[in-house]
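Visitor: Mind folding the following:
(chains A, B and C)
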Amino acid sequence: MLHWAYLVAITAEAMSAALIAGRRSMDWFGVCVIACITALGGGTVRDVLLGHHPLAWIEHPSYLIVTICAALATGLLAPFMKRLRHVFLTLDALGLVVFTVIGCNIAVSVGVPFFIVVVIGVITGTFGGVLRDVLCGQVPLLFQKELYASISLLTGLLYLGSQDLGVPHEAAMVGAMSIGFALRMLAIRYHWDMPKFVYKDEWE
Amino acid sequence: MLHWAYLVAITAEAMSAALIAGRRSMDWFGVCVIACITALGGGTVRDVLLGHHPLAWIEHPSYLIVTICAALATGLLAPFMKRLRHVFLTLDALGLVVFTVIGCNIAVSVGVPFFIVVVIGVITGTFGGVLRDVLCGQVPLLFQKELYASISLLTGLLYLGSQDLGVPHEAAMVGAMSIGFALRMLAIRYHWDMPKFVYKDEWE
Amino acid sequence: MLHWAYLVAITAEAMSAALIAGRRSMDWFGVCVIACITALGGGTVRDVLLGHHPLAWIEHPSYLIVTICAALATGLLAPFMKRLRHVFLTLDALGLVVFTVIGCNIAVSVGVPFFIVVVIGVITGTFGGVLRDVLCGQVPLLFQKELYASISLLTGLLYLGSQDLGVPHEAAMVGAMSIGFALRMLAIRYHWDMPKFVYKDEWE
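Guide: Numbering: from 1, shown residues only, chains lettered A, B, ... in the order given. Next comes the predicted model:
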């Protein structure tokens, strides 16, 4: 089940990244690169930090092929995208919690401290978008808008914490992902934001 | 032969990167860092993704020294650079195909699937320039202009495909590099571009 | 002693990074990420390039916790920050030489050529700031201002060179760090800059 949710998630991430690349008038190669980096970049950063080789997309080239096909298909679907906006935001929320849980699983399998497992889960869930924004020449949205990373953090904490308290593995996974997903949809619906740290003094 | 072509290629990449850094008025340290990252960054990303240690420039510090010397020499040569523009574009095209073929060779030696070998070749050929553009604060040129990455992709496909069809290794290498190089020169001469994906709807 | 200096250094780096993030009105999550990447990013790049696993902060999660606490504390201290500017610049200079020497030590322990040891020391000392600037959407300051990287380079050379000449390890370390620190303070005081390479011809 997690595997299928993962494939849906990388497809959704690739398509919304392709639209962002399209708004910068990138050529088709650039669109595919941005889509791949957005969909697979979080997991790649995780594996590089953990020294966990081979990387997921090197072992399973199908992930890369799915992402590239999704990016190219976005060209055909672009005129309908606006209407599909809610579908996309929903799939993106699914991606966030799926990536986070997969990241936690891999960090657990490598054997790192509890706190680091959660950090690795958040990196897996969010760094694809950070890399996309850096390559598109903008300050990562993640750092400025919406309860995105916080929900990834909460999902990871719930997933690991409930297992620690004796909840069975599958139940912990489904529970954490459901709560994270629901909160993300509520955050979008009601425009919940993290408080910001605004510092205006001159420094340097 | 590939070794000498590689040294020529990193020298050319380092010098053109130094000019780009110079146009941003970087200090000499910044110029050298940008030159090294442009010339050696593609191979570094490749080796980190493959978990292939030690990195080329850590095993052979001479590559780093060549790059730094090339960057510093650019300061002396800067007044003549405009006249040398065509020499540089030619050496840069050489670099693109040489880096791609070397990247494919290393990916083959690590033992990854066919499709990933080509992807690693393209990353080796093009990511130095991507890192340079990110560090210089601009959207990577690669994603917006010219048949650059596509030629890297074609070179990799020809190199591996012809070997699969029974062409001897050296012939496949020289053939793929010659065709890639020729196409790159034609693309520059006639301003061939990839089609772009332009998406103007408001999203988010 | 080096360990305590390291903790002071990552605290100082995290706090000044948090102020930079605050000037971009990032939310608290973004502030913490920027602080962690600035304080721990140089060492992370070093370990990834060397294939040296586990990373420092994965083995010692306390480093990450110190950094996050420092970033959050900055919010409370922000109104006093301007007055503390000199304290910060001093701690930052300490961080530069401490990071450099630690980087050299790890490179020596991995067993790389002399020249690469110095390069790894400089990367450890300076790349946290480079990553911070890239994520904040600006051309790295490092490449444009102040004798920062050069002092890291000099510290590394003094540290390794004096050991080669028979100076005992501790003396070499304290000596190199003291000279580097003193020069950095002088560079700030008298606005010493590296010469720049300014290139204004049109190219491309």
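Visitor: wait, residue A:46 sits on residue A:52?
Guide: Yes - counting by Cβ atoms under 8 Å, residue A:46 does reach residue A:52; the two are 7.4 Å apart. Where you see a C-beta, it was placed from the backbone N, CA and C, and this is true even at glycine.
Visitor: Which neighbours do those two have in common?
Guide: Shared contacts of residue A:46 and residue A:52, defined by Cβ atoms under 8 Å, 6 or more residues apart in numbering or on different chains, comprise residue A:106.
Visitor: the more surrounded of those two?
Guide: Neighbours were counted for residue A:46 and for residue A:52 using other Cβ atoms under 10 Å in any protein chain shown; residue A:46 has more, 26 against 18.
Visitor: tell me the contacts of residue A:157?
Guide: Neighbouring residues of residue A:157 by Cβ under 8 Å, 6+ apart: residue A:118.
Visitor: and it, how far is that from residue C:148?
Guide: As for residue A:157, its distance to residue C:148 is 38 Å (criterion: Cβ to Cβ, to the nearest Å).
Visitor: for residue A:138, same thing?
Guide: 26 Å.
Visitor: who's more crowded, the two?
Guide: residue C:148 (23 against 14).
Visitor: What confidence value was assigned to that one?
Guide: With respect to pLDDT, residue C:148 scores 81.
Visitor: Looks like it contacts residue C:126 (just checking).
Guide: Yes - the criterion here is Cβ under 8 Å, and residue C:148 meets it with residue C:126 at 6.6 Å.
Visitor: give the contact list for the residue most central in space within chain A.
Guide: For chain A, residue A:125 is the residue whose C-alpha lies nearest the centre (Cα atoms, centre = their mean; 3.7 Å). Neighbouring residues of residue A:125 by Cβ under 8 Å, 6+ apart: A:42, A:96-97, A:99-100, A:103, A:149, A:152, A:155-156.
Visitor: Let's see which of those end up in helices.
Guide: A:42, A:96-97, A:99-100, A:103, A:149, A:152, A:155-156 (DSSP state H).
Visitor: Just the buried ones out of the residues you listed, please.
Guide: A:42, A:96-97, A:99-100, A:103, A:149, A:152, A:155-156 (16 or more other Cβ atoms under 10 Å in any protein chain shown).
Visitor: How about the residues of chain A by chain B?
Guide: Contact residues (Cβ under 8 Å from any Cβ of the partner chain) of chain A with chain B: A:18-31, A:33-34, A:44, A:48, A:51, A:53-55, A:57-58, A:61, A:64-65, A:74-75, A:78, A:81-82, A:85, A:134-137.
Visitor: what about the closest residue to residue A:100 other than its chain neighbours, which helix or strand?
Guide: Nearest non-adjacent residue to residue A:100, counting by Cβ to Cβ, 6 or more residues apart in numbering or on different chains: residue A:125, 3.8 Å away. Per DSSP states H and E: residue A:125 is located in helix A:114-135.
Visitor: Quick one: mean pLDDT over that helix.
Guide: 92.
Visitor: With just CA atoms, put that helix into PDB.
Guide: What follows is helix A:114-135, C-alpha atoms only, in PDB (Å, rounded to 0.1, in the frame of the first residue of the first chain):
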ATOM      1  CA  PHE A 114      15.200   8.700  17.700                       C
ATOM      2  CA  PHE A 115      15.500  12.400  17.300                       C
ATOM      3  CA  ILE A 116      17.500  12.000  14.000                       C
ATOM      4  CA  VAL A 117      14.900   9.600  12.700                       C
ATOM      5  CA  VAL A 118      12.300  12.400  12.900                       C
ATOM      6  CA  VAL A 119      14.700  14.900  11.300                       C
ATOM      7  CA  ILE A 120      15.400  12.500   8.400                       C
ATOM      8  CA  GLY A 121      11.700  12.000   8.000                       C
ATOM      9  CA  VAL A 122      11.200  15.700   7.700                       C
ATOM     10  CA  ILE A 123      14.100  16.100   5.300                       C
ATOM     11  CA  THR A 124      12.600  13.300   3.100                       C
ATOM     12  CA  GLY A 125       9.200  15.000   3.200                       C
ATOM     13  CA  THR A 126      10.300  18.600   2.500                       C
ATOM     14  CA  PHE A 127      13.700  18.900   0.800                       C
ATOM     15  CA  GLY A 128      12.500  18.100  -2.700                       C
ATOM     16  CA  GLY A 129      10.600  21.300  -2.600                       C
ATOM     17  CA  VAL A 130      13.600  23.200  -1.100                       C
ATOM     18  CA  LEU A 131      15.800  22.000  -4.000                       C
ATOM     19  CA  ARG A 132      13.100  22.900  -6.600                       C
ATOM     20  CA  ASP A 133      12.900  26.500  -5.200                       C
ATOM     21  CA  VAL A 134      16.700  26.900  -5.100                       C
ATOM     22  CA  LEU A 135      17.000  25.800  -8.700                       C
END
